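Participant: return atomic coordinates for the entry below.
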Amino acid sequence: MLVIALLLTAFGGGAAQSIQRISVADVGAPTQTQPYPQIVAVRGPVRLQMPISQGRATAIGYHSAADGAVTLSPIGQQGNEGVVQRVFHAVFGGGGGHPLWYQLDGGSTSALDVGASPGTDAFSPVDGTVVGVSPFVVAGHRFGSRIDIQPQSAPSLVVTLTQLRSDPAITVGSNVVSGRTKLGAVVNLAPYERQALAHFTNDAGNHVSIEVRPAAALVLS
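Facilitator: From the prediction side, this is the model:
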């Protein structure tokens, strides 16, 4: 009887330890990487969806962009709005909701930056077709790719994403679905450029950047 009791105790303790390990592994399991549907900015018929999983995004910011990028209308609440804006919204309403976003300079809102740590998956912000994949170069160094997408809702516009390492499956002609098609992963630009979004995050402010431009006019021969 003593031998049987010892055997049962030994195997019983092992089973309990096994269950405990499984429980710990479950707690540390990776979270969902795809974002849930959430519009963060609008330009006419174009509705830009969140490109980063909400649980992995660090901050959202807007700043002015060059090269013909059009102004975007942010959805949500500005976290660093001025006194006049706060008073206006307090009296007349508006300016609230989600997500929280920040103005990164004194210019327009023609560039949208969605912060995330390097390596975080980035997804298409619109339904459409990839019309361009090219190197993204800063200070003579390549930092991933520039991906141009022609949105289904507005063929006369092009949605451009930069500061990400493109997924090998993404090529010119690829059809993409907002929030579902992985375009690539966020690259680390911090060693070569001070990023304004870092003022509102707890890291170096790495991000994927989104801009909208008119599509180049086709020249018919």
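
Participant: residue contacts, the spatially most central residue of the chain?
Facilitator: Residue closest to the average C-alpha location in the chain (Cα atoms, centre = their mean): Ile52, at 3.2 Å. Each residue near Ile52 by Cβ atoms under 8 Å, 6 or more residues apart in numbering is listed here: Pro35, Val114, Gly115, Ala116, Thr120, Asp121, Ala122, Phe123, Val186, Val208. From N, CA and C alone the C-beta is placed, and that goes for glycine too.

Participant: correct me, but the fifth one touches Asn188?
Facilitator: No - no contact is recorded between Thr120 and Asn188 when judged using Cβ atoms under 8 Å, the distance being 10.8 Å.

Participant: neighbour count winner among those two?
Facilitator: Thr120 (22 against 15; other Cβ atoms under 10 Å).

Participant: reformat the contacts of Ile52 as TSV; add distance to Gln152, secondary structure and pLDDT.
Facilitator: Output for the contacts of Ile52, formatted as TSV (distance: Cβ to Cβ, whole Å; DSSP: H, G, I helix; E, B strand; the rest coil; pLDDT from 0 to 100):
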residue	distance to Gln152	secondary structure	pLDDT
Pro35	19	coil	97
Val114	21	strand	98
Gly115	27	strand	98
Ala116	25	coil	97
Thr120	26	coil	97
Asp121	22	strand	98
Ala122	19	strand	98
Phe123	16	strand	98
Val186	25	strand	97
Val208	21	strand	98
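
Participant: what segments of this protein are strands?
Facilitator: Using DSSP state E, the strands of the chain run over 39-43, 46-49, 60-63, 73-74, 77-78, 100-103, 111-115, 121-123, 128-138, 141-151, 157-166, 175-176, 182-186, 207-214.

Participant: of all these, which lies closest to His199?
Facilitator: Relative to His199, the nearest member of those by Cβ to Cβ is strand 100-103, separated by 7.8 Å.

Participant: in the closest one, what counts as buried?
Facilitator: Trp101, Tyr102, Gln103 (16 or more other Cβ atoms under 10 Å).

Participant: now do stretch 179-187
Facilitator: When neighbours are counted by 16+ other Cβ under 10 Å, the buried residues of stretch 179-187 are found to be Gly179, Thr181, Lys182, Leu183, Gly184, Ala185, Val186, Val187.
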